[in-house]
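Participant: Would you be able to build a 3D model of this:
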Amino acid sequence: MSVNVLVSSFNPFPTVSLRVHKETDVSSIFSLLTEKYPSFPSSCDFSFSLTSGVPVDSTSLFTSLDEEEGFISLRITPKLLGGKGGFGSQLRAAGGRMSSQKTNNNDSCRDLSGRRLSTVKEAKKLAAYLEAEPDRKKAIIEARKAKIEALERQLGIEPSTGKEAKVSTLKRRLDDTEFLEQSKEIVDSVKNAVAAGLLKKKKLKTDHLSTKSPSAPLHKNAETTATQATTTTPA
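Facilitator: Next up, the predicted model:
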């Protein structure tokens, strides 16, 4: 006795109706499909299920399947090869990293009086800073005093114990002859340069006056000639 089997597969193969014997197993569907569609893949691993989603073993007989309205509906789905797994461990590792980066910053929260916790912390820091101000000033004064005493010892000055410091009687003499000669040469060169500049300026002034003086008589003679010409002109 035979039964009609409505087989739905995957694209590009359409749904097809096949007539098979009830005493055959479900896996015989492959031979019928390859006869009807030669390009149907026969080397892949497939799974069978009813239209309701209930899986069907490939060794099951069609007589064991429920027949509805004279036919049996089967669905063929190719099995996908899975990976090696490890996705759960990756999720746990990512969760551990996220929890390690989580901060407990509650500065934006408010206390019962309505003030933000960040404001309260800043007020406490300011109070502690003002309380430690005298100690900081004292440390600065002591450091400055120690520095001054070290400089006084280097200069041969007795460290001041009162208001005034006493200069020690230790005298020093500069015996660097090369330095003294260079200083003398520099002073002499500066003096010579200044003297040369003054002489040059004086000479330029004298030359300017000497070139300017002859033009005055010429101008005077021109005025005299113009006056004579005016007096000799007939009325």
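Participant: Can you give me the separation between residue 114 and residue 121?
Facilitator: 16 Å (C-beta to C-beta, to the nearest Å). Bear in mind the C-beta positions are built from the backbone N, C-alpha and C, glycine included.
Participant: Quick one: distance of the longest helix anywhere in the chain to the chain centre.
Facilitator: If each helix of the chain is counted by residues according to DSSP state H, the longest one is helix 177-212. From the chain centre to the centre of helix 177-212 is a distance of 61 Å (C-alpha atoms, centre = their mean, to the nearest Å).
Participant: tell me the SS of residue 47?
Facilitator: At residue 47, secondary structure determined by DSSP: H, G, I helix; E, B strand; the rest coil is strand.
Participant: Return the set of residues that bridge with it.
Facilitator: According to DSSP bridges, residue 77 are recorded as the beta-bridge partners of residue 47.
Participant: For it, give me its contacts.
Facilitator: In this structure, residue 47 makes contact with 55, 76, 77, 78, 79, judged by C-beta atoms under 8 Å, 6 or more residues apart in numbering.
Participant: now these: which count as buried?
Facilitator: Restricting those to buried positions leaves residue 76, with burial counted as 16 or more other C-beta atoms under 10 Å.
Participant: which of the contacts of residue 47 lies closest to residue 177?
Facilitator: Within these, distances to residue 177 taken as C-beta to C-beta reach their minimum at residue 79, with 104.8 Å.
Participant: Next, the buried residues of stretch 129-141.
Facilitator: Result for stretch 129-141 [16+ other C-beta under 10 Å]: no buried residues.
Participant: the strands in the protein, which residues?
Facilitator: Secondary structure of the chain (DSSP state E): strands located at 2-8, 16-21, 46-50, 55-56, 71-78.
Participant: the domain parsing of the chain - what is it?
Facilitator: For the chain, whose domains are defined here by automatic domain parsing, the residue ranges read 2-78, 119-154.
Participant: show me where pLDDT drops low in the protein?
Facilitator: By pLDDT under 70, the weakly predicted segments of the chain are 42-44, 66-70, 82-85, 100-102, 158-175, 212-235.
Participant: again, only using 90
Facilitator: Low-confidence segments of the chain, defined by pLDDT under 90, are located at 1-109, 111-114, 147-184, 200-235.
Participant: can you pull out the helices in it?
Facilitator: Under the criterion DSSP H, the chain contains helices at 29-36, 87-101, 117-131, 133-155, 177-212, 215-232.
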